[in-house]
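Engineer: sequence below, structure please.
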Amino acid sequence: MDGHPMTFVFHYGGNFKNNGGGSLIYEPDNTKLLMGVEEDTLDVFYVNNYYKELKCDKATGCLWKVPGMSLELGLRKLEFDADMLEMVRDCRRNNNIINLYFEHGVSKPHLVDFISEEDDDVVLPNPHHTPL
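Structural biologist: Presented below is the predicted three-dimensional model:
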């Protein structure tokens, strides 16, 4: 497919969360433009691994937002070549601009000095449990 170079707007370093009013937001929302993207040299692995270029912690996924839709309804996973083709079509329909979001997993352990048995969100190991 021929076409003008595309611009990717990468959103990185944040997490998806509810803003309290029922809308999904990505926070903190760091952005980086990648301009001049040529369709014929584009592949899923390059886009999914672009978080490394942004000096981010491990990304667990990459999603694009369908132009004109909210985050709640418009996010699509970018995993396969068919997804890439659909994303490029959306980009072309949106003046060659598309928004991509990285999902980030926990990459650094959170060290805790003290955990009490009263902590509701902590699961303490059972010393009497034998692994299978």
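
Engineer: measure stretch 43-59 end to end?
Structural biologist: Start-to-end span of stretch 43-59 (Cα to Cα, to the nearest Å) is 17 Å.

Engineer: next: stretch 54-61.
Structural biologist: OK, stretch 54-61 end separation, Cα to Cα: 15 Å.

Engineer: residues of that stretch that come out buried?
Structural biologist: By 16 or more other Cβ atoms under 10 Å, the buried positions in stretch 54-61 come out as Cys56, Ala59. (Glycine included, C-beta is placed from N, CA and C.)

Engineer: which other residues reach the longest helix anywhere in the chain?
Structural biologist: Using DSSP state H, we find that the single longest helix of the chain is helix 81-93. Contact partners of helix 81-93, identified using Cβ atoms under 8 Å, 6 or more residues apart in numbering, comprise 1, 3, 6, 8, 39, 42-44, 47, 64, 66-67, 76-78, 97-98.

Engineer: the worst-scoring helix or strand of the chain on mean pLDDT packs against which elements?
Structural biologist: Lowest on mean pLDDT, DSSP states H and E among the helices and strands of the chain sits strand 15-18, with a mean of 90. For strand 15-18, the packing partners by 3 or more Cβ pairs under 8 Å, 6 or more residues apart in numbering; DSSP states H and E come out as strand 24-27, strand 97-104.

Engineer: of all these, which one is nearest Asp57?
Structural biologist: The closest of the helices and strands packed on strand 15-18 to Asp57 is strand 97-104. By Cβ to Cβ, the value is 5.8 Å.
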